[in-house]
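> Pasting the sequence and the predicted coordinates here, then a few questions.
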Number of protein chains: 2
Amino acid sequence: MSCDHIGIGLIGFGTVGSGVWNTLQKNGSLITKRTGTGSLQIRKITVRDLDKKREGNAPAELFNTDWTETVHDPSVDLVIELIGGKSVAFDLISAALIAGKPVVTGNKALLAERGAELFALSKKHNTPIHFEAAVAGGIPIIKAVQDSLVGNRIKSLVGIINGTSNYILERMTVAGLSYLEALTEAKDLGYAEADETLDVNGWDAAHKAILLASLSHGFLIDPAEVYVRGIEKVRPIDIRFAKELGYVIKLLSIVRENKDGSIELRTQPSFIPASHILAHVNGVFNAISVDTDAAGEGLFYGRGAGQDPTASSVVADLVEASRLMAQPGPHRGFLPYEEKGSIQPINDTSTAYYVRFDVTDRPGVIAEISQMLADAGIGISGTHSPVNPDNPDADFVDLVFQLHTAPFGLLRDTLAVIEKLDCINDRPTVFRIEQLATS
Amino acid sequence: MSCDHIGIGLIGFGTVGSGVWNTLQKNGSLITKRTGTGSLQIRKITVRDLDKKREGNAPAELFNTDWTETVHDPSVDLVIELIGGKSVAFDLISAALIAGKPVVTGNKALLAERGAELFALSKKHNTPIHFEAAVAGGIPIIKAVQDSLVGNRIKSLVGIINGTSNYILERMTVAGLSYLEALTEAKDLGYAEADETLDVNGWDAAHKAILLASLSHGFLIDPAEVYVRGIEKVRPIDIRFAKELGYVIKLLSIVRENKDGSIELRTQPSFIPASHILAHVNGVFNAISVDTDAAGEGLFYGRGAGQDPTASSVVADLVEASRLMAQPGPHRGFLPYEEKGSIQPINDTSTAYYVRFDVTDRPGVIAEISQMLADAGIGISGTHSPVNPDNPDADFVDLVFQLHTAPFGLLRDTLAVIEKLDCINDRPTVFRIEQLATS
């Protein structure tokens, strides 16, 4: 590394990778003026297929198909990993760290699932991993939590951090689409990947929440301990009920510190008050509401994905990495600082609930279910059973119970008994009704 | 400086100063774990009056009344300035920089008005000034603009960055209070200083906007070039008209880059659409909406003032400063990177407008004013002259014109002629109607 230039190896030249190239082309000299450091030069680019037609003006001689060539090139001082996945990406990040080359990545799944190995390597080789691009695209939430809130206990983070799910839920709410119609629309518009699985099953958001929890509380988290539900089972009738009751349904990721120090960490579609600021986060936008002991309540809002927003975060990390390289010293990236921590078992977490039963309509159903809930000590704040406008004489009806705050495990056990009643036709649908701070 | 501890000199132990003490007491060991650096130790505290009763448990032997004692103490590695004002604060910050001791300050007025001298010293002595606490309390907007958005052209920043004004306007809007009633309430609740001048005349917000503009565009700004109006002249009738027309009035600070590279930089009470997210920023909260070429639209929201939020930002700067001290190298704080830039003359800035005339009610008034506006080429989108509910038979009435987008200078010149009409009883009241991005 010379002082005048930072050599970059870029592995992956898809949407975000070419966005990084474009941003450095467009704003490179502005960045150099602002930082007073050397220019950021992409010197090697690894792709899967050299013959693929690409946008942008990256010279052909930069490209190769072998990441080892890029990582070990002596003119490459730091490595950007943007290929995704958990095997090749793991290998190349490991190789870069071992070679003492800082890594910039947006790979949330890899860091959430194999962070223990990677951060151990990062520590051993005193070489940081930068991952602003891994959470919420262009929103600088990693730096906010890690640096700006360093003097705070992070009491809670509540985020809408998957734009695809948020878009689908919005379209179901605003346009009355079914889940599948909204998904198809999202794919047509390029808001959902060809394989939408990780977006809609909640795991993309959960991976991000795991990273935010580790940053906030210092310990690495086993994804197996985390409760995750996606939006695939949200039905128009739930959207409609939510609206009638003054709520909207959002895929929420919650990281909350309990009084006993355990961390509540879960991702699921939840009812939130229609008046809450998070209810107004629409389309592919992301937002994270933060509550801390000193700074108090805050909100970070912006574009959660896409070429340029994510490239913006990669470039911020590049600048940070290059500055740290110019000033050798103690490790400045994230490292776990607690040996272990405790994730609260999901059965112990408590909220209010919306439960929708698919019942055979006969007298006594509400009384029967109510009695069983009462026997379990679960309070009812309301029941609703509107006529189905599409089929007013249906025998099967939707019966909704709004329940007071109760432990999730107790509710689960109680519902397991209730669903054996012969008037119940299907497993009940449960959404949490979240108590959110009024900001 | 030993590697194990960072010695801090704290000058000023009012609300924020004691907040910093408390935060370090409460979360000091957490900070050390997170950062892996030495502990942050306050070793000297300078106050005006040693005998004043203070909250907190700072030992008496730390206190003195002479800042030179604190700045030049060999056990003090860096200096926090929290006394405010522009003379003693200037002297002590200068002395610290000359001594090579990094400075953390929340003094927006000083940096906005004497930044040229201070940043020159900062550069000369390769010693940074950190000022996250100077803008928007607990919201990490300085770091966001300086670091997270380093790869972006900052197209615009639109902020509600004075909590006192925002509280007063909210109370006028929600509770129908007069300006003076709302101001009195704000003082009673401790939301306004005994001397509220800088808060309500717009200069507190303008100082912050000047700093944001310098960070975004790299050049220092002469406050004399900046257009600033406060909220003192907002009347209940304007609040009411705004509501009827679908707007709310907010004290807005705007930093916007024009196509020719000049910067529009102004602070004034403005009409914004009631549906815009900034319209929902209430009470003492602050928010800054940011638009950039890569990250796109974003919003940062949180507590804009107060003991703990501001202390949170001071502590973040302390950590940043102490890390940089451990890794000597090139200057890492803000330095201007453009020799000069251009602030767009306020007369050249264009928006739509609300203009309220105090007129003597007689036939022909609307026609006369309309004709003069038409002669000037200023379009009218509506006129309103409701009956005064308190005095339906009044001869003097309020006549409101909504005007299409026009240069401010043209409007000013035209109004200067209109106000000479004998039916006009007072200088017209003008508010801008802002076109804000839909986020």
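Here it is on my side, so go on.
> What is the burial count for residue A:222?
Residue A:222 has 11 neighbours, counted by other C-beta atoms under 10 Å in any protein chain shown. For every residue, glycine as well, the C-beta is placed using N, CA and C.
> so which strand or helix has residue A:368?
helix A:365-375 (DSSP states H and E).
> other SSEs contacting that helix?
When contacts are defined as 3 or more C-beta pairs under 8 Å, 6 or more residues apart in numbering or on different chains; DSSP states H and E, helix A:365-375 packs onto strand A:380-384, strand A:396-407, helix A:408-418.
> most neighbours per residue, which of these?
Among these, strand A:396-407 has the highest mean neighbour count (mean count of other C-beta atoms under 10 Å in any protein chain shown), at a mean of 18.
> For that one, C-alpha coordinates in CSV please.
The C-alpha coordinates for strand A:396-407 follow below in CSV (Å, rounded to 0.1, in the frame of the first residue of the first chain):
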residue,chain,number,x,y,z
PHE,A,396,-67.0,-21.5,8.1
VAL,A,397,-66.3,-18.0,9.5
ASP,A,398,-63.3,-16.1,10.8
LEU,A,399,-63.4,-15.4,14.5
VAL,A,400,-60.9,-13.0,15.8
PHE,A,401,-59.8,-12.6,19.5
GLN,A,402,-57.7,-9.8,20.7
LEU,A,403,-55.9,-10.9,23.7
HIS,A,404,-54.2,-9.1,26.6
THR,A,405,-50.5,-9.4,27.2
ALA,A,406,-49.4,-13.0,28.0
PRO,A,407,-46.4,-15.1,27.6
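> circling back: what sits up against the helix holding residue A:368?
A:357, A:359, A:379-380, A:383, A:385, A:399, A:401, A:403, A:414, A:417-418, A:421, A:423 (C-beta atoms under 8 Å, 6 or more residues apart in numbering or on different chains).
> wait, which of those residues is closest to chain B?
Distance to chain B across the contacts of helix A:365-375 (C-beta to the nearest C-beta) is lowest for residue A:403, with 30.0 Å.
> hang on, residue A:220 packs against residue A:214?
Yes: between residue A:220 and residue A:214 there is a contact at 5.6 Å, judged by C-beta atoms under 8 Å.
> Need the overlap of contacts for those two.
By C-beta under 8 Å, 6+ apart, the residues touching both residue A:220 and residue A:214 are A:115, A:336.
> Confirm that residue A:271 sits in a helix.
No: checked against DSSP: H, G, I helix; E, B strand; the rest coil, residue A:271 lies outside a helix; its state is strand.
> pretty sure it contacts residue A:247?
Yes: in this structure, residue A:271 is within contact of residue A:247 by C-beta under 8 Å, at 4.0 Å.
> possible to save the contacts of helix A:365-375 as CSV with distance to residue B:20 and pLDDT?
What follows is the contacts of helix A:365-375, written out as CSV (distance: C-beta to C-beta, whole Å; pLDDT from 0 to 100):
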residue, distance to residue B:20, pLDDT
A:357, 55, 95
A:359, 60, 92
A:379, 45, 97
A:380, 49, 97
A:383, 53, 93
A:385, 57, 80
A:399, 56, 93
A:401, 50, 96
A:403, 45, 98
A:414, 50, 98
A:417, 55, 96
A:418, 55, 97
A:421, 60, 94
A:423, 63, 91
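> Turn those residues into CSV, including distance to chain B.
Formatted as CSV, the contacts of helix A:365-375 follow (distance: C-beta to the nearest C-beta, whole Å):
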residue, distance to chain B
A:357, 36
A:359, 40
A:379, 32
A:380, 33
A:383, 33
A:385, 35
A:399, 36
A:401, 32
A:403, 30
A:414, 39
A:417, 44
A:418, 40
A:421, 45
A:423, 45
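> how far does stretch A:289-307 sit from the chain's center?
Computed by C-alpha atoms, centre = their mean, to the nearest Å, the chain-centroid distance of stretch A:289-307 equals 13 Å.
> who touches both of residue A:271 and residue A:247?
The contact sets of residue A:271 and residue A:247 overlap at A:354, A:433 (C-beta under 8 Å, 6+ apart).
> so how far is stretch A:206-217 off the chain centroid?
Using C-alpha atoms, centre = their mean, the offset of stretch A:206-217 from its chain centre is 9 Å.
> cool, stretch A:239-259 as well?
How far stretch A:239-259 lies from its chain's middle: 16 Å, per C-alpha atoms, centre = their mean.
> so residue A:356 is in which element?
Going by DSSP H and E, residue A:356 is part of strand A:350-360.
> Is it possible to get JSON lines of the helices and strands packed on helix A:365-375 that adds distance to residue B:302?
Output for the helices and strands packed on helix A:365-375, formatted as JSON lines (distance: least, C-beta to C-beta, whole Å):
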{"stretch": "strand A:380-384", "distance to residue B:302": "32"}
{"stretch": "strand A:396-407", "distance to residue B:302": "28"}
{"stretch": "helix A:408-418", "distance to residue B:302": "31"}
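> Chain B contacts on the stretch 1-150 of chain A?
A:19, A:23-24, A:26-27, A:30-31, A:33-37, A:132, A:137-140, A:143-144, A:147-150 (C-beta under 8 Å from any C-beta of the partner chain).
> Mind pulling up the pLDDT for the nearest residue to residue A:397 once chain neighbours are set aside?
Once flanking residues are discounted, residue A:397 sits nearest to residue A:361: 4.6 Å by C-beta to C-beta, 6 or more residues apart in numbering or on different chains. Residue A:361 carries a pLDDT score of 81 in this model.
> what residues are up against residue A:361?
The neighbours of residue A:361, taking C-beta under 8 Å, 6+ apart as the test, are A:394, A:395, A:396, A:397.
> helix, strand or coil for the first one?
The one in question is residue A:394. For residue A:394, the assignment made with three-state DSSP gives coil.
> and it, how many neighbours?
Residues lying near residue A:394 (other C-beta under 10 Å) number 12.
> what's the answer for the second one, then?
Residues within reach of residue A:395, counting by other C-beta under 10 Å, total 10.
> thought it was touching residue A:360?
Yes: counting by C-beta under 8 Å, residue A:395 does reach residue A:360; the two are 5.8 Å apart.
> where's residue A:48 relative to residue A:18, distance?
From residue A:48 across to residue A:18, the span is 14 Å (C-beta to C-beta, to the nearest Å).
> and these two? which has more neighbours close in?
Per other C-beta under 10 Å, whichever of residue A:48 and residue A:18 has more neighbours is residue A:18, with 20 against 11.
> Just give the closest residue to that one, not the sequence neighbours.
Once flanking residues are discounted, residue A:18 sits nearest to residue A:56: 5.1 Å by C-beta to C-beta, 6+ apart.
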